[in-house]
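Asker: Whatever this is, show me its structure:
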Amino acid sequence: MTLTLPWPMWANAQPRPYPYGTWGFLAMLIIGIVYLTIMWIAGLLFLRTYRTFPQRVEYKYFGIAILTVAFFDSIHVLGDILFYLTNDSRVLIQLGADVAFYLYPTATSLSVTGVFIAFSLIYAYSVHKLGEIKPIDYIFYTLSIVGIALGLNPYNWWHMIRPEGAFDTKPITGIFLLIVGIMSVHKFYVSLKAKLGPELEKLPAGAKRIKLVTIALVLLLLLVFLMMPHGILAALATQVEWAKIAMIIVTYAKLLSLATSAILLYSGLVWPNWAQRIFGP
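Answerer: This is a model prediction of the structure:
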């Protein structure tokens, strides 16, 4: 009897074939590489800057948040490459004669978890910046922990056709991601208006820096709302032709919004020389 990892119950699910074709795969691969390159560089730059200015804790929080997403999404992109090569959405890897590992569903679970962790770090920084913990903050942390558990749980059936009659938690996971994302962005906006913004305003090009951070927040919010159609289209892409093109477009928009948000956050908060040249002195 073969043991299926990480969840034995996944052995009862069926794989999906790769739905996007070679050109769709190449399009996804190109945007994935560009996206990951930006995320890794932005996260590492934040942490490098934090070592120079340890009093600016936002650099630490955002650096860890961005690198968390970059790390798990790197595994996800690897899973997508192997999905195309194997034409099996599980990306089944045999670990000996009696153990099977489903790489791509596992990678997707970790990727979703990474987003929950990133939003939690953004929220935690905002609470730290505001200097007080309110009852709503405890509610957020509870929702975030539940969201992480939902993202990892096997009943999402990521990239698989679930057994007939089996429960599917993807809609619930998506709702939690939407709520946690909106609460995180809103909390950071409050901290920006109350504390961070006035600090930036005293610095050179303060108004421009605040504007860049605000646009980054809008793009983060866009990312939150794009996750819902992304999940729906991922399920439809194997059944409906138009959904394949729509899925690629939404994926492009989702990754570009997150990567651009990371660039603008770093530009506005750190204001490096290249940002000064691009956005003005």
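Asker: for Met183, helix, strand, or coil?
Answerer: helix (DSSP: H, G, I helix; E, B strand; the rest coil).
Asker: pretty sure it contacts Tyr123?
Answerer: Yes. At 6.8 Å, Met183 and Tyr123 qualify as touching, with contact defined as C-beta atoms under 8 Å. From N, CA and C alone the C-beta is placed, and that goes for glycine too.
Asker: Now list whatever residues contact both of these two.
Answerer: Taking C-beta atoms under 8 Å, 6 or more residues apart in numbering as the contact rule, Met183 and Tyr123 both touch Phe140.
Asker: Have a look at the two and say which one is more surrounded.
Answerer: Comparing Met183 with Tyr123 by other C-beta atoms under 10 Å, the one with more neighbours is Tyr123, at 24 against 21.
Asker: any idea how far that one is from Leu196?
Answerer: According to C-beta to C-beta, to the nearest Å, Tyr123 stands 14 Å off from Leu196.
Asker: Likewise for Phe188?
Answerer: Counting by C-beta to C-beta, the gap from Phe188 to Leu196 is 8 Å.
Asker: what do Tyr123 and Leu196 both touch?
Answerer: Common neighbours of Tyr123 and Leu196 (C-beta under 8 Å, 6+ apart) do not exist.
Asker: how about the helix or strand containing Ile248: buried residues?
Answerer: Here Ile248 sits within helix 241-270, counting by DSSP states H and E. Using 16 or more other C-beta atoms under 10 Å as the test for burial, helix 241-270 gives 243-244, 246-248, 250-251, 253-270.
Asker: again with stretch 154-166
Answerer: Neighbour-count burial for stretch 154-166 flags Pro154, Asn156, Trp157, Trp158, His159, Met160, Arg162 (criterion: 16+ other C-beta under 10 Å).
Asker: my hunch is that the fourth one is in a strand, does that hold up?
Answerer: So the one you mean is Trp158. No. Read with three-state DSSP, Trp158 is coil and lies in no strand.
Asker: isn't it right next to Thr113, touching?
Answerer: No. Applying C-beta under 8 Å, one finds Trp158 not in contact with Thr113, separated by 11.5 Å.
Asker: Just after the helix holding Ile248, pick out the following helix or strand.
Answerer: helix 273-279.
Asker: Off-centre distance for the helix or strand hosting Leu150?
Answerer: Using DSSP H and E, the element containing Leu150 is helix 135-152. Centre-to-centre, helix 135-152 and its host chain are 16 Å apart (C-alpha atoms, centre = their mean, to the nearest Å).
Asker: Kindly report the same for stretch 35-44.
Answerer: 13 Å.
Asker: Buried residues of that stretch, list them for me.
Answerer: Neighbour counts over stretch 35-44 (16+ other C-beta under 10 Å) mark Tyr35, Leu36, Ile38, Met39, Trp40, Ile41, Ala42, Gly43 as buried.
Asker: what does stretch 223-243 give?
Answerer: Buried, per 16+ other C-beta under 10 Å, within stretch 223-243: 223-224, 226-227, 229-238, 243.
Asker: try stretch 115-126
Answerer: Result for stretch 115-126 [16+ other C-beta under 10 Å]: buried residues Val115, Phe116, Ile117, Ala118, Phe119, Ser120, Leu121, Ile122, Tyr123, Ala124, Tyr125, Ser126.
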